[in-house]
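Visitor: for reference, the sequence and a predicted model appear below.
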Amino acid sequence: MFDIFKQKHDRTPAGKEGRVPPGQYVTEKFPVLHYGSVPHYNDVEHTWDLRVWGEIEQPARLSFAEFRALPTVEVVTDIHCVTRWSKLDTRWEGVRFSEFLKHIPSLKPTAKYVLAHCEQGFTTNVPLEVLLHPDALLAYKYEGEELTPEHGYPLRLLTPGKYFWKSAKWLRGIEFLSHDKLGFWERYGYNNNADPWKEERYAD
């Protein structure tokens, strides 16, 4: 079930109106939204890995330690949920997606799209070019702390310029595709492009 955490509508902070897409309200809270139950790991260092496959020279797997050894950056960005809340100036740490590509086998020229595979069988799809934006992260910290289980520990996508369901939680695999393939919510009627500024919430 899609768990909607109801929030009191806060006023948009003065001077920030131009950062809030149409139909959104600003909240200082961080609502919990997800499909299915929250995964828990008893021994993440030995049981978690991140796999990549598809339009790539060869499949690869990074252990928890190998992934955490990759160069890390901090990004401050606004996030916008399809359920109409926005949260401004959120601070994330993780590995830039463009940096991540330097540490895996080379992509084939045919790689144009990414399908993120997460726990519980959840997926979401994003054009590769979106993830080449400098704010696109494989994120594991929020506001200086490890992600909580409810917000995607140990790893989630941070996908700039899209409604927040595209920033998939509990990431376990990245599939590179030559063609677009709808993810979970996209198959259930959410707009494939998911641009908050165009209010692309649901498919036509």
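Guide: Perfect, I can see it now.

Visitor: number of residues surrounding residue 91?
Guide: 12 (other C-beta atoms under 10 Å). Heads up, the C-betas are built off the backbone N, CA and C, glycines and all.

Visitor: can you tell me which residues contact it?
Guide: Counting by C-beta atoms under 8 Å, 6 or more residues apart in numbering, residue 91 makes contact with 74-76, 142-144.

Visitor: quick one: buried residues of the helix or strand harbouring it?
Guide: Element membership for residue 91 (DSSP states H and E) is strand 85-96. By neighbour count on 16 or more other C-beta atoms under 10 Å, the buried set for strand 85-96 is 85-88, 92-96.

Visitor: okay, the spatially most central residue of the chain: pLDDT?
Guide: Centroid-nearest residue in the chain, with C-alpha atoms, centre = their mean: residue 167, separated by 1.8 Å. Looking at residue 167, its pLDDT is 96.

Visitor: go on, residue 204?
Guide: Looking at residue 204, its pLDDT is 74.

Visitor: before we move on, back to that, closest to residue 109 among the buried residues of strand 85-96?
Guide: Closest approach to residue 109 among those (C-beta to C-beta): residue 96, at 21.5 Å.

Visitor: what sits against that closest one?
Guide: Residue 96 sits in contact with 71, 73, 134, 136-138, where contact means C-beta under 8 Å, 6+ apart.
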